[in-house]
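> fold the following.
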Amino acid sequence: MLTHAHRQAFLDVFSERVRFSEPLSRHTSFRIGGPADIWLEADDVADIARVQQLSVQAELPLWVVGGGTNLLVADRGVRGVVVHLGRTFAGVDWETQEDHTRARAGAAIPLKKLVNQAIERDLAGLEFAEGIPGSTGGGLLMNAGAFGGEIAEVVQYIEGVDRAGQPRRLPREQLRFEYRNFDLEPGFIVTHIGFVFQTGVPSAIRSRREDAKRRREARQPLGYPNAGSIFKNPPGEYAGRLIEAAGLKGFRIGGAMLSQQHANFIVNLGGATAADVRALMRAAEERVWELKRIRLQAEIKLVGDWES
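Numbers count the residues shown, from 1 in each chain. Predicted coordinates:
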């Protein structure tokens with residue numbers, strides 16, 4: 001529970017950079033979400049270490065919100081502390097060697113921007129991510145992928161701050177990627193990601209990017225707030241096709257609707273609540289199970305104070 005003493009402790013360290021009862025609907029692509037008890041923008045690694053230590057001392061949960069995509073925040077909001085990485089973590093350092101190029105990217109840089117910078121340098125490996133919204137750190141945590149590629153293929157290491165407030169660097173052999181998931185130790189906040197790229201044929205790289213762009217624009221809903229794909233694709237199947245076969249394409253609850261363009265997207269038509277979205281997810285899960293005996297698994301992350 002957030003107390004006056006907790007508030008004062010954060011104010012003493014961060015002053016005007018800390019906000020209380022900050023609506024998270026302002027910070028998510030869904031435009032949905034209740035308030036965070038404490039909202040803080042971190043400017044450097046020292047800030048992150050301080051907030052880790054304060055959160056542990058106060059026994060408050062700690063969350064990180066990047067671009068706010070792939071995220072559904074409960075209507076009641078989030079208890080504890082929500083950290084947003086500031087502009088200090090939105091740059092990239094490039095180092096070209098004889099047969100490859102390395103990049104150290106801040107976790108807050110938009111993934112699309114990193115993709116474009118790599119392609120401008122004729123570097124292959126991220127073309128599939130053209131148009132994927134959100135931050136590079138968010139892309140790491142969901143092992144973002146599409147059209148046969150995934151971010152895990154080019155990640156070399158990560159840097160961050162652990163729950164004890166200690167900076168650490170984890171090499172590739174210690175990183176555990178799965179389909180649309182990255183297994184990160186509890187409490188670890190990623191600040192930078194190391195990538196390694198191979199030089200490719202410029203025309204082929206740009207062709208793959210344009211192909212990804214065309215395919216994404218053709219299948220994804222435009223004009224309404226959404227959080228990207230709602231469910232992971234089951235082995236050998238496509239979640240959108242299963243939901244459409246279940247007759248739920250265009251199905252609506254409150255202000256939320258399973259997109260008429262692609263059934264694995266839920267769009268906010270205006271005034272949608274997290275409860276509306278969750279009810280749609282349950283409807284899809286139940287109907288697909290009834291018809292196909294396939295259990296859909298959420299790709300988006302549900303965070304916050306949910307009713308049982």
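
> can you list the strands that the worst-scoring helix or strand of the chain on mean pLDDT pairs with?
Lowest on mean pLDDT, DSSP states H and E among the helices and strands of the chain sits strand 145-146, with a mean of 86. Based on DSSP bridges, the strands next to strand 145-146 in the sheet, each with its direction, are strand 149-150 (antiparallel).

> for residue 293, grab the count of nearby residues.
Per other C-beta atoms under 10 Å, the neighbour tally for residue 293 reads 7. In short, each C-beta sits where N, CA and C put it, glycine included.

> helices of the protein, start to end?
Along the chain, counting by DSSP state H, helices occupy 4-14, 45-58, 111-120, 136-141, 202-219, 239-245, 274-292.

> buried deepest among those, which one?
Of all the helices of the chain, helix 136-141 has the most neighbours on average by mean count of other C-beta atoms under 10 Å, namely a mean of 26.

> so what's the gap between it and the chain middle?
Per C-alpha atoms, centre = their mean, to the nearest Å, the displacement of helix 136-141 from the mean C-alpha position of its chain is 6 Å.

> for it, packing partners?
helix 111-120, strand 189-199 (3 or more C-beta pairs under 8 Å, 6 or more residues apart in numbering; DSSP states H and E).

> so which of the ones you listed comes closest to residue 154?
Nearest to residue 154 among these is strand 189-199 (4.9 Å), distances taken as C-beta to C-beta.

> flag every buried residue along that closest one.
Within strand 189-199, the residues that qualify as buried by neighbour count (16 or more other C-beta atoms under 10 Å) are 189-197.

> need these in JSON lines with distance to residue 261 and pLDDT, can you?
Supplementary listing: the buried residues of strand 189-199 in JSON lines, determined by distance: C-beta to C-beta, whole Å; pLDDT from 0 to 100:
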{"residue": "189", "distance to residue 261": "35", "pLDDT": "96"}
{"residue": "190", "distance to residue 261": "32", "pLDDT": "97"}
{"residue": "191", "distance to residue 261": "36", "pLDDT": "97"}
{"residue": "192", "distance to residue 261": "36", "pLDDT": "98"}
{"residue": "193", "distance to residue 261": "32", "pLDDT": "98"}
{"residue": "194", "distance to residue 261": "36", "pLDDT": "98"}
{"residue": "195", "distance to residue 261": "32", "pLDDT": "98"}
{"residue": "196", "distance to residue 261": "36", "pLDDT": "97"}
{"residue": "197", "distance to residue 261": "33", "pLDDT": "96"}
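
> now render those as JSON lines, adding distance to residue 124.
JSON lines is the format used below for the buried residues of strand 189-199 (distance: C-beta to C-beta, whole Å):
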{"residue": "189", "distance to residue 124": "30"}
{"residue": "190", "distance to residue 124": "24"}
{"residue": "191", "distance to residue 124": "26"}
{"residue": "192", "distance to residue 124": "22"}
{"residue": "193", "distance to residue 124": "17"}
{"residue": "194", "distance to residue 124": "17"}
{"residue": "195", "distance to residue 124": "12"}
{"residue": "196", "distance to residue 124": "11"}
{"residue": "197", "distance to residue 124": "7"}
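
> for those, which one is nearest residue 173?
Using C-beta to C-beta, residue 194 is the member of the buried residues of strand 189-199 that sits closest to residue 173, with 13.0 Å.

> per-residue confidence at the residue positioned nearest the centre of the chain?
Centroid-nearest residue in the chain: residue 138, 3.4 Å away (criterion: C-alpha atoms, centre = their mean). Looking at residue 138, its pLDDT is 94.

> I figured it hits residue 85, correct?
No - with contact taken as C-beta atoms under 8 Å, residue 138 and residue 85 are classed as non-touching, separated by 10.4 Å.

> need the overlap of contacts for the two.
residue 66 (C-beta atoms under 8 Å, 6 or more residues apart in numbering).

> list the residues that contact residue 95.
If a contact means C-beta under 8 Å, 6+ apart, then residue 95 has 101-104 as its contacts.

> also residue 300?
Contacts were defined as C-beta under 8 Å, 6+ apart; by that measure residue 300 touches 70-72, 227-230.

> can we see that at 10 Å?
Residue 300 is in contact with 30, 69-72, 142, 226-232, 266, 277, 281, counting by C-beta atoms under 10 Å, 6 or more residues apart in numbering.

> good, wrapping up.
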